[in-house]
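1. Sequence first, then the predicted structure, then my questions.
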Amino acid sequence: ISRRKGGDRPIRMSVIWQQDVAAGQVQDYLGQFGRAKEGHARWVARLNECLVCELPPNPRDIGKTAYQDCEVGQWYREASTTKLGEMPEFQAIAEIHRELHEVARTLLTRRWHEGVIDKARYKRFIELDEHMRAALYTLERALIRNLSVVSQLFDKAFERSGEAVIITSPDSVIIDVNNAFTQVTGFDREEAIGQTPKLLSSGYHDERFYAHLWASLIETGRWQGEVWNRRKNGEVFLERLSIGAVKDSKGEVTHFVATFADITANKVNEERLHRLANYDALSNLPNRVQVRDRLPQAIARAGRNPALVAVLFIDIDRFKIINDSLGHNCGDKLLIDVGRRLAGCVRESDTVARLGGDEFAVLAPDLDEVNNAVQIAQKVQDVLSRPFTVGEHEVFMTVSIGIGLYPHHGATVDALMQSADLAMY
(Lines give C-alpha, C1' and ligand atoms only; values in the text may rest on other atoms or scores of the structure.)
Protein backbone atom coordinates (compact mmCIF):
# COMPACT_ATOMS: atom_id res chain seq x y z
CA ILE A 1 0.00 0.00 0.00
CA SER A 2 1.32 3.50 -0.57
CA ARG A 3 2.06 6.11 2.09
CA ARG A 4 0.96 9.66 2.66
CA LYS A 5 2.90 12.45 1.11
CA GLY A 6 5.48 13.80 3.53
CA GLY A 7 4.91 11.17 6.21
CA ASP A 8 5.80 7.69 7.27
CA ARG A 9 2.37 6.54 8.42
CA PRO A 10 0.25 4.41 6.07
CA ILE A 11 -2.95 5.84 4.60
CA ARG A 12 -5.57 6.07 7.35
CA MET A 13 -8.33 3.48 6.91
CA SER A 14 -11.86 3.59 8.31
CA VAL A 15 -12.20 1.08 11.15
CA ILE A 16 -14.91 -1.59 11.55
CA TRP A 17 -13.16 -4.31 13.52
CA GLN A 18 -9.48 -3.71 12.92
CA GLN A 19 -8.38 -3.83 16.58
CA ASP A 20 -9.84 -7.31 17.00
CA VAL A 21 -7.99 -8.94 14.14
CA ALA A 22 -4.48 -10.27 14.48
CA ALA A 23 -2.06 -10.32 11.58
CA GLY A 24 -2.24 -14.12 11.37
CA GLN A 25 -6.04 -14.02 11.09
CA VAL A 26 -5.84 -11.45 8.32
CA GLN A 27 -3.49 -13.64 6.31
CA ASP A 28 -5.95 -16.50 6.68
CA TYR A 29 -8.89 -14.31 5.60
CA LEU A 30 -7.07 -13.09 2.51
CA GLY A 31 -5.84 -16.55 1.57
CA GLN A 32 -9.26 -18.17 1.96
CA PHE A 33 -10.93 -15.27 0.14
CA GLY A 34 -8.50 -15.57 -2.77
CA ARG A 35 -9.14 -19.31 -3.09
CA ALA A 36 -12.91 -18.74 -3.00
CA LYS A 37 -12.64 -16.17 -5.84
CA GLU A 38 -10.57 -18.55 -7.94
CA GLY A 39 -13.08 -21.34 -7.26
CA HIS A 40 -15.93 -19.09 -8.43
CA ALA A 41 -14.10 -18.27 -11.68
CA ARG A 42 -13.50 -22.00 -12.33
CA TRP A 43 -17.16 -22.78 -11.66
CA VAL A 44 -18.38 -20.12 -14.14
CA ALA A 45 -15.93 -21.40 -16.77
CA ARG A 46 -17.14 -24.99 -16.21
CA LEU A 47 -20.79 -23.94 -16.54
CA ASN A 48 -20.13 -22.11 -19.82
CA GLU A 49 -18.26 -25.16 -21.13
CA CYS A 50 -21.20 -27.43 -20.26
CA LEU A 51 -23.64 -25.11 -22.03
CA VAL A 52 -21.56 -24.56 -25.18
CA CYS A 53 -20.27 -28.12 -25.60
CA GLU A 54 -23.36 -29.94 -24.26
CA LEU A 55 -21.25 -31.71 -21.65
CA PRO A 56 -22.98 -33.49 -18.77
CA PRO A 57 -23.17 -31.17 -15.75
CA ASN A 58 -21.34 -31.89 -12.54
CA PRO A 59 -23.93 -33.50 -10.23
CA ARG A 60 -22.87 -31.10 -7.49
CA ASP A 61 -23.82 -28.13 -9.70
CA ILE A 62 -27.44 -29.26 -10.10
CA GLY A 63 -28.07 -30.30 -6.52
CA LYS A 64 -30.46 -28.32 -4.35
CA THR A 65 -27.63 -27.37 -2.01
CA ALA A 66 -25.17 -26.44 -4.78
CA TYR A 67 -24.78 -22.93 -3.38
CA GLN A 68 -23.60 -24.42 -0.07
CA ASP A 69 -21.39 -27.15 -1.52
CA CYS A 70 -19.34 -25.05 -3.95
CA GLU A 71 -16.04 -23.46 -2.92
CA VAL A 72 -17.59 -20.03 -2.33
CA GLY A 73 -20.41 -21.59 -0.30
CA GLN A 74 -18.00 -23.55 1.91
CA TRP A 75 -15.85 -20.46 2.42
CA TYR A 76 -18.90 -18.36 3.22
CA ARG A 77 -20.19 -20.79 5.89
CA GLU A 78 -16.83 -20.93 7.62
CA ALA A 79 -16.14 -17.20 7.38
CA SER A 80 -19.61 -16.23 8.65
CA THR A 81 -18.63 -17.42 12.13
CA THR A 82 -15.65 -15.06 12.26
CA LYS A 83 -15.40 -11.28 12.48
CA LEU A 84 -15.78 -11.27 8.70
CA GLY A 85 -19.45 -12.21 9.15
CA GLU A 86 -20.14 -8.84 10.80
CA MET A 87 -19.27 -6.87 7.67
CA PRO A 88 -22.22 -5.71 5.51
CA GLU A 89 -20.04 -6.24 2.43
CA PHE A 90 -19.76 -9.91 3.41
CA GLN A 91 -23.48 -10.33 4.16
CA ALA A 92 -24.42 -8.85 0.75
CA ILE A 93 -22.90 -11.84 -1.04
CA ALA A 94 -25.29 -14.51 0.31
CA GLU A 95 -28.49 -13.72 -1.62
CA ILE A 96 -26.68 -13.06 -4.90
CA HIS A 97 -24.80 -16.34 -4.58
CA ARG A 98 -27.92 -18.38 -3.81
CA GLU A 99 -29.88 -16.98 -6.81
CA LEU A 100 -26.85 -17.43 -9.08
CA HIS A 101 -26.81 -21.16 -8.33
CA GLU A 102 -30.58 -21.50 -8.70
CA VAL A 103 -30.43 -19.97 -12.20
CA ALA A 104 -27.38 -22.09 -13.06
CA ARG A 105 -29.14 -25.30 -11.98
CA THR A 106 -32.10 -24.52 -14.26
CA LEU A 107 -29.81 -23.66 -17.19
CA LEU A 108 -27.77 -26.84 -16.86
CA THR A 109 -30.81 -29.08 -16.37
CA ARG A 110 -32.67 -27.73 -19.42
CA ARG A 111 -29.54 -27.82 -21.58
CA TRP A 112 -28.78 -31.44 -20.72
CA HIS A 113 -32.33 -32.84 -20.77
CA GLU A 114 -34.00 -30.65 -23.42
CA GLY A 115 -31.01 -29.53 -25.52
CA VAL A 116 -31.96 -25.84 -25.24
CA ILE A 117 -30.46 -22.78 -23.61
CA ASP A 118 -32.96 -20.59 -21.80
CA LYS A 119 -31.92 -17.18 -23.16
CA ALA A 120 -33.68 -15.14 -20.48
CA ARG A 121 -32.18 -17.20 -17.68
CA TYR A 122 -28.71 -17.06 -19.22
CA LYS A 123 -28.99 -13.28 -19.41
CA ARG A 124 -29.98 -13.28 -15.72
CA PHE A 125 -27.01 -15.57 -14.97
CA ILE A 126 -24.61 -13.09 -16.62
CA GLU A 127 -26.15 -10.21 -14.61
CA LEU A 128 -25.89 -12.14 -11.34
CA ASP A 129 -22.30 -13.17 -12.08
CA GLU A 130 -21.41 -9.51 -12.61
CA HIS A 131 -23.13 -8.63 -9.32
CA MET A 132 -21.25 -11.47 -7.61
CA ARG A 133 -17.90 -10.33 -8.94
CA ALA A 134 -18.68 -6.75 -7.92
CA ALA A 135 -19.69 -7.91 -4.42
CA LEU A 136 -16.49 -9.94 -4.06
CA TYR A 137 -14.48 -6.95 -5.26
CA THR A 138 -16.26 -4.66 -2.78
CA LEU A 139 -15.52 -7.08 0.07
CA GLU A 140 -11.89 -7.33 -0.99
CA ARG A 141 -11.55 -3.56 -0.99
CA ALA A 142 -13.33 -3.35 2.37
CA LEU A 143 -10.95 -5.91 3.83
CA ILE A 144 -7.99 -3.86 2.71
CA ARG A 145 -9.50 -0.55 3.90
CA ASN A 146 -10.47 -1.80 7.32
CA LEU A 147 -7.37 -3.63 8.47
CA SER A 148 -4.98 -1.79 10.75
CA VAL A 149 -2.23 -4.21 9.73
CA VAL A 150 -2.87 -3.82 6.00
CA SER A 151 0.41 -2.01 5.45
CA GLN A 152 2.25 -5.14 6.65
CA LEU A 153 0.10 -7.58 4.66
CA PHE A 154 -0.69 -5.69 1.49
CA ASP A 155 2.41 -6.81 -0.36
CA LYS A 156 1.38 -10.46 0.08
CA ALA A 157 -2.27 -9.82 -0.85
CA PHE A 158 -1.16 -7.59 -3.72
CA GLU A 159 0.91 -10.32 -5.32
CA ARG A 160 -1.53 -13.11 -4.38
CA SER A 161 -4.45 -11.45 -6.14
CA GLY A 162 -5.67 -13.34 -9.18
CA GLU A 163 -6.65 -10.04 -10.78
CA ALA A 164 -4.26 -7.47 -12.19
CA VAL A 165 -3.76 -4.44 -9.93
CA ILE A 166 -2.47 -0.97 -10.77
CA ILE A 167 -1.84 1.74 -8.17
CA THR A 168 -1.46 5.28 -9.49
CA SER A 169 -0.93 8.75 -8.11
CA PRO A 170 -3.79 11.28 -8.30
CA ASP A 171 -2.42 12.45 -11.65
CA SER A 172 -2.52 8.86 -13.02
CA VAL A 173 1.19 8.05 -12.90
CA ILE A 174 1.65 4.33 -12.21
CA ILE A 175 3.30 3.71 -8.83
CA ASP A 176 3.09 -0.06 -8.73
CA VAL A 177 1.61 -3.14 -10.45
CA ASN A 178 1.40 -6.77 -9.39
CA ASN A 179 2.48 -10.03 -11.03
CA ALA A 180 -1.01 -10.64 -12.45
CA PHE A 181 -0.71 -7.33 -14.33
CA THR A 182 2.44 -8.59 -16.05
CA GLN A 183 0.82 -11.93 -16.86
CA VAL A 184 -2.21 -10.26 -18.47
CA THR A 185 -0.53 -7.36 -20.29
CA GLY A 186 2.99 -8.58 -20.96
CA PHE A 187 4.52 -5.41 -19.48
CA ASP A 188 7.07 -5.88 -16.70
CA ARG A 189 6.76 -3.89 -13.49
CA GLU A 190 9.76 -1.73 -14.46
CA GLU A 191 8.18 -0.93 -17.84
CA ALA A 192 4.89 0.16 -16.26
CA ILE A 193 6.07 2.26 -13.30
CA GLY A 194 6.28 5.93 -14.22
CA GLN A 195 3.94 5.50 -17.19
CA THR A 196 0.19 6.18 -17.21
CA PRO A 197 -2.57 3.65 -17.97
CA LYS A 198 -2.51 5.02 -21.54
CA LEU A 199 0.29 2.49 -21.92
CA LEU A 200 -2.46 -0.07 -22.50
CA SER A 201 -4.73 2.04 -24.71
CA SER A 202 -6.29 0.15 -27.61
CA GLY A 203 -7.72 3.22 -29.33
CA TYR A 204 -11.18 1.62 -29.27
CA HIS A 205 -12.70 4.19 -26.89
CA ASP A 206 -13.23 7.87 -27.66
CA GLU A 207 -12.79 10.94 -25.44
CA ARG A 208 -16.44 10.84 -24.35
CA PHE A 209 -15.93 7.37 -22.87
CA TYR A 210 -13.02 8.51 -20.71
CA ALA A 211 -14.77 11.76 -19.80
CA HIS A 212 -17.67 9.72 -18.41
CA LEU A 213 -15.23 7.45 -16.55
CA TRP A 214 -13.47 10.39 -14.88
CA ALA A 215 -16.75 12.14 -14.07
CA SER A 216 -17.89 9.01 -12.21
CA LEU A 217 -14.56 8.72 -10.38
CA ILE A 218 -14.67 12.34 -9.27
CA GLU A 219 -18.32 12.23 -8.24
CA THR A 220 -18.53 8.81 -6.57
CA GLY A 221 -14.93 7.75 -6.07
CA ARG A 222 -15.39 4.60 -8.15
CA TRP A 223 -16.02 3.28 -11.64
CA GLN A 224 -16.70 -0.21 -12.99
CA GLY A 225 -17.13 -1.38 -16.57
CA GLU A 226 -15.63 -3.18 -19.54
CA VAL A 227 -12.66 -1.73 -21.42
CA TRP A 228 -10.79 -2.84 -24.52
CA ASN A 229 -7.03 -2.57 -23.93
CA ARG A 230 -3.90 -3.71 -25.74
CA ARG A 231 -1.15 -6.06 -24.56
CA LYS A 232 2.55 -5.43 -25.11
CA ASN A 233 2.49 -7.79 -28.11
CA GLY A 234 -0.23 -5.69 -29.76
CA GLU A 235 -3.06 -8.10 -29.06
CA VAL A 236 -6.33 -6.43 -28.05
CA PHE A 237 -8.22 -7.87 -25.08
CA LEU A 238 -11.38 -7.12 -23.13
CA GLU A 239 -11.09 -6.50 -19.40
CA ARG A 240 -13.58 -6.04 -16.59
CA LEU A 241 -12.15 -2.99 -14.83
CA SER A 242 -12.86 -1.55 -11.38
CA ILE A 243 -11.27 1.71 -10.24
CA GLY A 244 -11.49 3.12 -6.73
CA ALA A 245 -10.19 6.35 -5.25
CA VAL A 246 -8.17 6.18 -2.00
CA LYS A 247 -8.74 9.25 0.16
CA ASP A 248 -7.04 10.58 3.26
CA SER A 249 -8.72 11.81 6.45
CA LYS A 250 -9.42 15.17 4.77
CA GLY A 251 -11.25 13.52 1.89
CA GLU A 252 -8.51 14.27 -0.62
CA VAL A 253 -7.58 11.66 -3.22
CA THR A 254 -4.11 10.28 -2.61
CA HIS A 255 -4.15 7.33 -4.98
CA PHE A 256 -6.26 5.36 -7.43
CA VAL A 257 -6.38 1.57 -7.30
CA ALA A 258 -7.52 -0.27 -10.43
CA THR A 259 -8.13 -4.01 -10.66
CA PHE A 260 -8.98 -5.84 -13.84
CA ALA A 261 -9.41 -9.32 -15.25
CA ASP A 262 -9.14 -10.50 -18.84
CA ILE A 263 -12.67 -11.55 -19.86
CA THR A 264 -12.05 -11.95 -23.58
CA ALA A 265 -12.72 -15.70 -23.42
CA ASN A 266 -15.93 -15.11 -21.45
CA LYS A 267 -17.11 -12.64 -24.09
CA VAL A 268 -16.43 -15.15 -26.85
CA ASN A 269 -18.39 -17.78 -24.90
CA GLU A 270 -21.29 -15.37 -24.45
CA GLU A 271 -21.37 -14.68 -28.19
CA ARG A 272 -21.18 -18.41 -28.96
CA LEU A 273 -24.01 -19.11 -26.53
CA HIS A 274 -26.10 -16.31 -28.02
CA ARG A 275 -25.47 -17.77 -31.46
CA LEU A 276 -26.29 -21.25 -30.23
CA ALA A 277 -29.51 -20.09 -28.59
CA ASN A 278 -30.75 -18.00 -31.52
CA TYR A 279 -29.44 -19.58 -34.71
CA ASP A 280 -29.60 -23.02 -36.29
CA ALA A 281 -26.19 -24.67 -36.14
CA LEU A 282 -26.52 -26.40 -39.54
CA SER A 283 -27.93 -23.66 -41.77
CA ASN A 284 -26.86 -20.57 -39.77
CA LEU A 285 -30.42 -19.31 -40.18
CA PRO A 286 -32.40 -17.84 -37.28
CA ASN A 287 -34.20 -20.54 -35.30
CA ARG A 288 -37.62 -20.86 -33.68
CA VAL A 289 -36.54 -18.64 -30.77
CA GLN A 290 -35.75 -15.80 -33.18
CA VAL A 291 -39.11 -16.18 -34.93
CA ARG A 292 -40.90 -15.98 -31.60
CA ASP A 293 -38.84 -12.93 -30.66
CA ARG A 294 -39.43 -11.04 -33.90
CA LEU A 295 -43.08 -11.93 -34.47
CA PRO A 296 -44.45 -9.84 -31.53
CA GLN A 297 -42.54 -6.82 -32.82
CA ALA A 298 -44.03 -7.28 -36.29
CA ILE A 299 -47.54 -7.66 -34.82
CA ALA A 300 -47.13 -4.52 -32.68
CA ARG A 301 -45.89 -2.52 -35.68
CA ALA A 302 -48.78 -3.77 -37.83
CA GLY A 303 -51.21 -2.71 -35.11
CA ARG A 304 -49.85 0.85 -35.09
CA ASN A 305 -49.60 1.17 -38.86
CA PRO A 306 -52.40 -1.00 -40.26
CA ALA A 307 -50.72 -3.81 -42.16
CA LEU A 308 -50.71 -7.59 -42.38
CA VAL A 309 -48.13 -10.02 -41.03
CA ALA A 310 -47.67 -13.45 -42.57
CA VAL A 311 -46.00 -16.51 -41.04
CA LEU A 312 -45.27 -19.25 -43.59
CA PHE A 313 -44.37 -22.75 -42.45
CA ILE A 314 -42.55 -24.81 -45.11
CA ASP A 315 -42.14 -28.57 -44.84
CA ILE A 316 -40.10 -30.66 -47.30
CA ASP A 317 -42.26 -33.53 -48.53
CA ARG A 318 -40.82 -37.03 -48.04
CA PHE A 319 -37.51 -35.67 -46.77
CA LYS A 320 -36.94 -38.81 -44.70
CA ILE A 321 -36.84 -40.90 -47.86
CA ILE A 322 -34.27 -38.55 -49.41
CA ASN A 323 -32.22 -38.53 -46.21
CA ASP A 324 -32.27 -42.30 -45.78
CA SER A 325 -31.52 -43.12 -49.42
CA LEU A 326 -28.75 -40.58 -50.06
CA GLY A 327 -27.27 -40.44 -46.54
CA HIS A 328 -27.33 -37.87 -43.78
CA ASN A 329 -24.47 -35.83 -45.22
CA CYS A 330 -26.42 -35.32 -48.45
CA GLY A 331 -29.53 -34.59 -46.40
CA ASP A 332 -27.69 -31.89 -44.45
CA LYS A 333 -26.33 -30.37 -47.67
CA LEU A 334 -29.85 -30.28 -49.10
CA LEU A 335 -31.19 -28.49 -46.00
CA ILE A 336 -28.42 -25.90 -46.24
CA ASP A 337 -29.21 -25.30 -49.94
CA VAL A 338 -32.92 -24.97 -49.19
CA GLY A 339 -32.14 -22.32 -46.59
CA ARG A 340 -29.99 -20.39 -49.04
CA ARG A 341 -32.65 -20.45 -51.75
CA LEU A 342 -35.32 -19.30 -49.30
CA ALA A 343 -33.14 -16.43 -48.06
CA GLY A 344 -32.50 -15.38 -51.64
CA CYS A 345 -36.14 -15.20 -52.70
CA VAL A 346 -37.64 -12.97 -49.98
CA ARG A 347 -37.30 -9.32 -49.00
CA GLU A 348 -34.50 -8.08 -46.76
CA SER A 349 -37.10 -7.21 -44.12
CA ASP A 350 -38.37 -10.82 -44.04
CA THR A 351 -36.94 -13.47 -41.73
CA VAL A 352 -36.11 -16.95 -43.00
CA ALA A 353 -35.68 -19.49 -40.21
CA ARG A 354 -35.10 -23.19 -39.77
CA LEU A 355 -37.45 -24.49 -37.11
CA GLY A 356 -35.87 -27.93 -36.94
CA GLY A 357 -35.66 -31.11 -39.02
CA ASP A 358 -37.03 -30.37 -42.49
CA GLU A 359 -39.21 -27.45 -41.34
CA PHE A 360 -38.49 -23.86 -42.33
CA ALA A 361 -40.41 -20.64 -41.79
CA VAL A 362 -40.68 -17.21 -43.36
CA LEU A 363 -41.83 -14.23 -41.30
CA ALA A 364 -43.10 -11.51 -43.65
CA PRO A 365 -44.14 -8.25 -41.91
CA ASP A 366 -45.72 -5.08 -43.27
CA LEU A 367 -47.83 -6.64 -46.06
CA ASP A 368 -50.52 -4.58 -47.79
CA GLU A 369 -52.93 -7.34 -48.72
CA VAL A 370 -53.59 -11.07 -48.40
CA ASN A 371 -52.41 -11.68 -51.95
CA ASN A 372 -48.90 -10.58 -50.93
CA ALA A 373 -48.63 -13.64 -48.68
CA VAL A 374 -49.89 -15.88 -51.48
CA GLN A 375 -47.28 -14.41 -53.82
CA ILE A 376 -44.51 -15.17 -51.30
CA ALA A 377 -45.74 -18.77 -51.02
CA GLN A 378 -45.79 -19.13 -54.79
CA LYS A 379 -42.28 -17.73 -55.07
CA VAL A 380 -41.06 -20.19 -52.44
CA GLN A 381 -42.65 -23.09 -54.33
CA ASP A 382 -41.08 -21.94 -57.59
CA VAL A 383 -37.50 -21.67 -56.27
CA LEU A 384 -37.71 -24.98 -54.40
CA SER A 385 -39.20 -26.87 -57.34
CA ARG A 386 -35.99 -26.42 -59.33
CA PRO A 387 -33.60 -29.39 -59.01
CA PHE A 388 -30.91 -29.45 -56.35
CA THR A 389 -27.45 -30.85 -57.01
CA VAL A 390 -26.27 -32.80 -53.98
CA GLY A 391 -22.94 -34.49 -54.60
CA GLU A 392 -23.43 -36.65 -57.66
CA HIS A 393 -27.20 -36.61 -57.32
CA GLU A 394 -29.86 -34.36 -58.79
CA VAL A 395 -32.76 -34.06 -56.37
CA PHE A 396 -36.29 -32.93 -57.17
CA MET A 397 -38.66 -32.24 -54.34
CA THR A 398 -41.94 -30.63 -53.39
CA VAL A 399 -42.89 -28.72 -50.28
CA SER A 400 -46.02 -28.14 -48.22
CA ILE A 401 -46.67 -24.54 -47.20
CA GLY A 402 -49.03 -23.25 -44.51
CA ILE A 403 -49.81 -19.57 -43.88
CA GLY A 404 -50.84 -17.85 -40.66
CA LEU A 405 -51.98 -14.27 -41.24
CA TYR A 406 -52.34 -11.40 -38.77
CA PRO A 407 -54.99 -10.26 -37.96
CA HIS A 408 -57.12 -12.82 -39.84
CA HIS A 409 -55.93 -15.92 -37.96
CA GLY A 410 -55.11 -14.40 -34.61
CA ALA A 411 -53.23 -11.65 -32.82
CA THR A 412 -50.74 -13.70 -30.79
CA VAL A 413 -47.54 -15.55 -31.62
CA ASP A 414 -48.99 -18.93 -30.67
CA ALA A 415 -52.19 -18.40 -32.68
CA LEU A 416 -50.35 -17.43 -35.87
CA MET A 417 -47.77 -20.21 -35.62
CA GLN A 418 -50.46 -22.79 -34.90
CA SER A 419 -52.51 -21.57 -37.87
CA ALA A 420 -49.52 -21.84 -40.18
CA ASP A 421 -48.72 -25.33 -38.87
CA LEU A 422 -52.28 -26.58 -39.32
CA ALA A 423 -52.55 -25.04 -42.78
CA MET A 424 -49.70 -27.23 -44.06
CA TYR A 425 -51.92 -30.28 -43.71
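-> Perfect, I can see it now.
2. does residue 287 really touch residue 354, like I thought?
-> Yes - counting by Cβ atoms under 8 Å, residue 287 touches residue 354, with 6.4 Å between them. (Each C-beta comes from the backbone N, C-alpha and C, glycine too.)
3. So for the closest residue to residue 106 other than its chain neighbours, what's the pLDDT?
-> What sits nearest to residue 106 in space, not counting adjacent residues and going by Cβ to Cβ, 6 or more residues apart in numbering, is residue 121, at 5.7 Å. We have a pLDDT of 88 for residue 121.
4. How far does the strand or helix carrying residue 121 sit from its chain's centre?
-> Per DSSP states H and E, residue 121 falls inside helix 119-145. Remark: helix 119-145 is offset 13 Å from the chain centroid, using Cα atoms, centre = their mean, to the nearest Å.
5. Now do the buried residues in that helix.
-> Neighbour-count burial for helix 119-145, counted by 16 or more other Cβ atoms under 10 Å, picks out 122, 124-125, 128-129, 131-133, 135-145.
6. now do stretch 396-406
-> Here stretch 396-406 shows 397, 399, 401-406 as buried, counting by 16+ other Cβ under 10 Å.
7. and what of stretch 173-189?
-> 174, 176-178, 180-182, 184-185, 187.
8. Generate a markdown table for the residues you listed, with secondary structure and distance to residue 40 as supplementary columns.
-> Below are the buried residues of stretch 173-189 laid out as a markdown table (DSSP: H, G, I helix; E, B strand; the rest coil; distance: Cβ to Cβ, whole Å):
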| residue | secondary structure | distance to residue 40 |
| --- | --- | --- |
| 174 | strand | 28 |
| 176 | strand | 26 |
| 177 | strand | 24 |
| 178 | coil | 20 |
| 180 | helix | 16 |
| 181 | helix | 21 |
| 182 | helix | 23 |
| 184 | helix | 18 |
| 185 | helix | 23 |
| 187 | coil | 27 |
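9. which secondary structure elements does the helix holding residue 121 contact?
-> helix 23-53, helix 88-91, helix 93-114, helix 150-160, strand 236-247, helix 264-278 (3 or more Cβ pairs under 8 Å, 6 or more residues apart in numbering; DSSP states H and E).
10. and the direction of that helix versus that of helix 93-114, what angle?
-> For helix 119-145 against helix 93-114, the angle between stretch directions is 150 degrees (axes from the mean of the first three to the mean of the last three Cα atoms, to 10 degrees).
11. Can you name the next helix or strand after the helix or strand of the chain with the lowest mean pLDDT?
-> For the chain, counting by mean pLDDT, DSSP states H and E, helix 150-160 ranks last in confidence among helices and strands (a mean of 52). The first helix or strand that comes after helix 150-160 along the chain, using DSSP H and E, is strand 164-168.
12. Can you list phi and psi of residue 394 for me?
-> Phi and psi for residue 394, reported as degrees, to the nearest 10, are phi -110, psi 120.
13. So it is in contact with residue 388, correct?
-> Yes - using Cβ under 8 Å, residue 394 is in contact with residue 388, at 7.3 Å.
14. Of these two, give the one with the bigger neighbour count.
-> Neighbours were counted for residue 394 and for residue 388 using other Cβ atoms under 10 Å; residue 388 has more, 17 against 9.
15. Leaving aside the residues adjacent along the chain, what's closest to the more buried one?
-> residue 395 (4.5 Å).
16. That neighbour against residue 322, yeah?
-> Yes - using Cβ under 8 Å, residue 395 makes contact with residue 322 at a distance of 6.3 Å.
17. Poorly predicted segments of the stretch 1-150 of the chain, please.
-> The model of the stretch 1-150 of the chain has pLDDT under 70 over residues 1-30, 83, 144-150.
18. what's the residue closest to the geometric middle of the chain?
-> Centroid-nearest residue in the chain: residue 270, 4.2 Å away (criterion: Cα atoms, centre = their mean).
19. Now that one: closest residue in space that isn't a chain neighbour?
-> residue 126 (6.8 Å).
20. From residue 31, how far off is the one you found?
-> 29 Å (Cβ to Cβ, to the nearest Å).
21. Low-confidence stretches in the stretch 201-350 of the chain?
-> Per-residue confidence of the stretch 201-350 of the chain (counting by pLDDT under 70) places the weak regions at 249.
22. Strands along that one, start to end?
-> Under the criterion DSSP state E, counting those that start in this stretch, the stretch 201-350 of the chain carries strands at the ranges 222-230, 236-247, 253-262, 308-316.
23. possible to save the ones you listed as CSV with distance to residue 301?
-> Formatted as CSV, the strands of the stretch 201-350 of the chain follow (distance: least, Cβ to Cβ, whole Å):
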stretch, distance to residue 301
strand 222-230, 32
strand 236-247, 35
strand 253-262, 41
strand 308-316, 8
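24. Just name the most buried of those.
-> Each of the strands of the stretch 201-350 of the chain was scored by mean neighbour count; the highest is strand 308-316, a mean of 24, by mean count of other Cβ atoms under 10 Å.
25. Please name every helix or strand in contact with that strand.
-> Checking 3+ Cβ pairs under 8 Å, 6+ apart, strand 308-316 ends up next to helix 288-304, strand 359-367, helix 370-385, strand 399-406, helix 413-423.
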